[in-house]
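>>> Sequence first, predicted coordinates after that:
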Number of protein chains: 4
Amino acid sequence: MIKVGIVGGTGYTGVELLRLLATHPDVELTAITSRKEDGLPVADMYPSLRGHVKLAFSSPDKANLEQCDVVFFATPHGVAMAQAPALLAAGVKVIDLAADFRLKDQAKFEQWYKIPHTAPELIAQAVYGLPELNREDIKQAKLIANPGCYPTTMQLGFYPLLKAGLVNAGGLIADCKSGVSGAGRKAEIGILFSEASDSFKAYGVAGHRHLPETTAQLQRFTDEKVALTFTPHLVPMIRGMHSTLYAQLNKDVSNEELQSLFEEQYKDEPFVDVMPFGSHPETRSTRGSNMLRLALHRPEGGNTVIVLVVQDNLVKGASGQAVQCMNLMFGLKETAGLQHIALLP
Amino acid sequence: MIKVGIVGGTGYTGVELLRLLATHPDVELTAITSRKEDGLPVADMYPSLRGHVKLAFSSPDKANLEQCDVVFFATPHGVAMAQAPALLAAGVKVIDLAADFRLKDQAKFEQWYKIPHTAPELIAQAVYGLPELNREDIKQAKLIANPGCYPTTMQLGFYPLLKAGLVNAGGLIADCKSGVSGAGRKAEIGILFSEASDSFKAYGVAGHRHLPETTAQLQRFTDEKVALTFTPHLVPMIRGMHSTLYAQLNKDVSNEELQSLFEEQYKDEPFVDVMPFGSHPETRSTRGSNMLRLALHRPEGGNTVIVLVVQDNLVKGASGQAVQCMNLMFGLKETAGLQHIALLP
Amino acid sequence: MIKVGIVGGTGYTGVELLRLLATHPDVELTAITSRKEDGLPVADMYPSLRGHVKLAFSSPDKANLEQCDVVFFATPHGVAMAQAPALLAAGVKVIDLAADFRLKDQAKFEQWYKIPHTAPELIAQAVYGLPELNREDIKQAKLIANPGCYPTTMQLGFYPLLKAGLVNAGGLIADCKSGVSGAGRKAEIGILFSEASDSFKAYGVAGHRHLPETTAQLQRFTDEKVALTFTPHLVPMIRGMHSTLYAQLNKDVSNEELQSLFEEQYKDEPFVDVMPFGSHPETRSTRGSNMLRLALHRPEGGNTVIVLVVQDNLVKGASGQAVQCMNLMFGLKETAGLQHIALLP
Amino acid sequence: MIKVGIVGGTGYTGVELLRLLATHPDVELTAITSRKEDGLPVADMYPSLRGHVKLAFSSPDKANLEQCDVVFFATPHGVAMAQAPALLAAGVKVIDLAADFRLKDQAKFEQWYKIPHTAPELIAQAVYGLPELNREDIKQAKLIANPGCYPTTMQLGFYPLLKAGLVNAGGLIADCKSGVSGAGRKAEIGILFSEASDSFKAYGVAGHRHLPETTAQLQRFTDEKVALTFTPHLVPMIRGMHSTLYAQLNKDVSNEELQSLFEEQYKDEPFVDVMPFGSHPETRSTRGSNMLRLALHRPEGGNTVIVLVVQDNLVKGASGQAVQCMNLMFGLKETAGLQHIALLP
């Protein structure tokens, strides 16, 4: 059994890790930290865990995380970079669900996240935890930078097109929509029920932190300079993410060839579902599951190809992806503990 | 492996059975019928099942249900009574999620359901499938009448009080609230998103079919004549049921004694969670799980005791309960395939 | 034109007052205070008001509220009692939407609201602002205690029954459900979209502040001792309140007589709609309007009478009622500025 | 007073017309037809209208629509074209909220709507009812083709850019999102609460009927050939529409110049609100109002300009726009009866 610690278990990615790990066949939940909730049984905060998780929160100093085989950071940006060095030195593997190690360019990190990076020596060794595009590196990794939710959809959606050189990398558009849980469990007016329900809006159009992360990753797949317009929106639903990706074809290619390209790319992936050409995937078809689904469209047979991508932002977009990485790092079955079927309706 | 057939798999209790059974360790999904969707892969109708369920719908005549060990009826009232006799004769066990065999009083059935009962000879042998109050009978049963969603909450909430003779059986009130999925997957104006969202109402106050079922079952626990006022309401949420039960104490009893009574009653139950006195259970703490949670209140220490009961109407209120019965009927672990943790948030 | 000031315009009752008053034919919005938002145009905080309200927030010291004819307090408890004495002394009428003057019993106020009352000399002169039961006093009032949202539904629902002596005043039950906006515009975890959406729960069952207010008011209508069990619940909708009221009949009375009793009582009321016997009023039928609708039920012709009451908690349950009081206090048409038809769907 | 008739008042645009017209100062509701609901008081179907609308539905043959000054068709496609000729001949003005007269190209109409056009002689005289771009023609019109909801947002968002020749007309993208009421009041599975709530999806990507309408109208503003990619999505909210428009600048222009262009264009428009550059309009800021709000963005100062446009799909996107046209046709104040402030929260 792999001993698992979680730093920052009171947020949504934390409780989602608990949901996934509590029934994972190869895992023993060993420690979960919260400075504020020291001593509180986890199930008192999240009654959904009553009968499943007996662990209590403990303050970070008492948690003895060095005894773990792996520690997940389900924390705001800046926490993992402070604690990861000591854990790694103690032989503990680290998976950071925040952004501390997502950007290889330290200056860019500090520009977008407005904090100095306190463990720059670890940036190079951190592995970007997107298994579908990075599986072999993840298997060897000691430190994982778990991808952002939006970037996961954008990369898996654009990758086959960029790799095949079929589209203009300099004119990509991603019109993305996220459920409100993506904003986290924070006491903020803007995500109150009475503010966010029965309404729809864009946000962060002037610049969202997932833009540099996505651009940098996409650039790995093409020599052409990537330029991405990324527009996030807030949907009145709890979980779920829908990215509508637009690219301009620069080669003559049939719909069948496009479809084959994607099917071929993902045919062995347990968590990527290429739906039939022209499908309209619904976010609810992934609710609570680690599956990402996508479908291709080509309006009026023109030069624009549209990729519709859906996932559960808390699972494939965060905690499920992190568990998938853990499975790979420890030589477990990649799907272990991740076989949940989406809750529909 | 137990061979399972499902009649009527296109509704919400049907797809929920598929979700639960597809990952059940002891089950082999063998047949699922739909006259209308003959030949259609189940996963084409419910993309959430893509990658999990390969079965296609088949028309009832082709389905060869006699080869199954057990057949679930996730159908409207009237279907199970037509098909159960032949299946039972062929040695197949039957679990009916509709009401055909819930009322022992045939006349009452026909009065409330407005159809003649076509298999009255089976009514006596049908076992009411509420494991917490009927476990031994269920183990021996060939034919299960799976309880209604509301009745499950009302029975498990009132039972300890009635059995202990602590409350006035003639003045029970159940103010119940259900998510919209309880109304089924029917094309009806009243349950459209634009009608049912962002609003709240009572319905069926003049008489709901779950009233005679509940009254008859509650009557089994007391010699006093049961009189129940039952008011169902529609909540703008997909899944979830919350029953607020009111009873008048007729004996001097402390809050601690009341709490002990419930804890003692349900201490070995894997799917009933007695929360601390004064808790406010939320429906979402059961979303997707087979757990029913309840909590006791006693406003201002007076004679009124309030029991708050929550469950997922499609799981413990329907399909999960049916699987729990199946487990008992076949000598499996009662919790097999039912260990899902609620999806929260 | 009546000059109107609003203290605390950043909350939901404040912005609702603005919506109603901005198109009121006899009103001139003169001042709106917010210490924190001094100088900010109201429409910058609430874009719905762009083009309708030009006013900016001003800090309380600069607002010069004494120039107003009437000042509304859309503030937390404790603010009106601090500022009302000076305003009243200056000849300004005051309408408090909070609880400062709702309870005539000072000790009870301090027990339930946990703060000392700093203007006890005003309690006696404050008029409880429920026009349907208190119209003449309101016309003469200088200081209005605007009723709580729940108490409005409970009083208008129980009043005809209590006044006619038809029900047992010692055994009233009110099972009430409120939309989330009733909790106000506060940055609290429990009312986040991801917490309150797609779920349902009771809250405050051990004791809600609207209980003593309602009990005290109901007691005015009967000599029998009133005992009320009041259970509030949170509904995943923005606006709307539904109260399901239960009372035990102690006289032989027909359904027609019950219906006539209510129709007679409210026949001249512009904002109370007695629906046909057996109706199921929906909260959305009052969304954005000042109408309260109710309907009577009597399950199986027994002794229990049920009154279903719906209103918009922010309109008839708060700001609309306050404007209705203002209209009466200034001799305007009672319905002036309150003719909005509910938004449906 | 203008005598108004409504054909097909049972759908959402019909009840919305009733809400707007019932309090319109210059209108007398004269007739409302429904073959199915003949004799039923309108307020029995829509309790929100109780106390405001006394009219009953009457079957079309009895309605005597010729006595009206204007008749609105809030019907499915195909009805107006059948009845308009006789009404027009009788001197009655006609406003069609459906698509019968939106496309000047009859063949295109028949191709997209799959029905023959039965009044082709009227197509030429029909005026497209978008007041901001067509005001003078509307004033003279006898027959109005009221725009579709999506086309209204796309036209008002793209118009200033196209007219000024600042963007590439051949590469426009409109990623649009609509509340569920846009699908109408039809008993269909896909728009059930349990299907559409807590989820998000695209639909009709292969070709939506609002595409030819929008392309044809946009083409009026530019000599360059217009090519538009239009992707509609379904949002789990009742009302509201958000269009995210992307265009490629082909000239060197500053953000200030872009902003001025829009402000200048719409400075006298009572129902178009150009918000400050970089704003994120929310659909709820238009809920129940006839206001359309828009804001400009330019990510990283590049060549892509984004226009965010919001409106209430049932008001400015349908019934409110129709009333605005009526006001113009009859020489009334353009804003008469349309001064509702959006319901927020």
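Yep, that arrived.
>>> ok, and the closest non-adjacent residue to the closest residue to chain D within the stretch 51-200 of chain A?
Distances from the stretch 51-200 of chain A to chain D, computed as CB to the nearest CB, single out A:Ser199 as the nearest residue at 3.7 Å. Where you see a C-beta, it was placed from the backbone N, CA and C, and this is true even at glycine. Excluding the flanking residues, the one nearest A:Ser199 by CB to CB, 6 or more residues apart in numbering or on different chains is D:Arg284, at 3.7 Å.
>>> if we can go back for a sec, tally of neighbours for the residue of the stretch 51-200 of chain A closest to chain D?
When neighbours are defined as other CB atoms under 10 Å in any protein chain shown, A:Ser199 has 26 of them.
>>> so how many other residues sit close to the residue nearest to A:Ser199?
Around D:Arg284 there are 28 other residues, counting by other CB under 10 Å.
>>> ditto for A:Gln67
For A:Gln67, the count of nearby residues is 12 (other CB under 10 Å).
>>> What does it show for phi and psi?
phi -70, psi -10 (degrees, to the nearest 10).
>>> Which strand or helix spans A:Val323?
A:Val323 is part of helix A:320-329 when elements are defined by DSSP states H and E.
>>> coming back round to it: what are the neighbouring residues in contact with the residue of the stretch 51-200 of chain A closest to chain D?
For A:Ser199, the residues meeting the contact criterion (CB atoms under 8 Å, 6 or more residues apart in numbering or on different chains) are A:236, D:237, D:240, D:282-284, D:287.
>>> Can you name the two of these that sit furthest apart?
The most widely separated members of the contacts of A:Ser199 are A:Pro236 and D:Arg287, with 12.5 Å between them, by CB to CB.
>>> between these two, which one's more packed in?
In this comparison of A:Pro236 against D:Arg287, neighbours counted by other CB under 10 Å, the higher total goes to D:Arg287 at 31 against 27.
>>> hang on, isn't the more buried one packed against C:Pro345?
No. Applying CB atoms under 8 Å as the test, D:Arg287 and C:Pro345 come out as separate, 11.3 Å apart.
>>> Looks like the residue nearest to A:Ser199 contacts A:Asp198 (just checking).
Yes. Applying CB under 8 Å, one finds D:Arg284 in contact with A:Asp198, separated by 6.6 Å.
>>> which neighbours do the two share?
What both D:Arg284 and A:Asp198 touch, as defined by CB under 8 Å, 6+ apart, is the set D:Gly240.
>>> that older thread, and the contacts of A:Ser199, which is closest to chain B?
Distances from chain B to these, taken by CB to the nearest CB, are shortest for D:Met237, at 7.8 Å.
>>> and the residue of the stretch 151-300 of chain A nearest chain B?
Checked against chain B (CB to the nearest CB), the nearest residue in the stretch 151-300 of chain A is A:Ser285, 4.2 Å away.
>>> quick revisit: what's the overlap in contacts for A:Pro236 and D:Arg287?
Contact criterion CB under 8 Å, 6+ apart; residues shared by A:Pro236 and D:Arg287: A:198-199.
>>> Run through the strands of chain A in chain order.
A:2-7, A:27-33, A:70-73, A:93-96, A:127-128, A:143-145, A:172-179, A:201-202, A:228-235, A:241-248, A:272-274, A:292-297, A:304-311 (DSSP state E).
>>> so what secondary structure elements neighbour the fifth one?
Same thing as strand A:127-128. Here strand A:127-128 touches helix A:131-140, strand A:143-145, going by 3 or more CB pairs under 8 Å, 6 or more residues apart in numbering or on different chains; DSSP states H and E.
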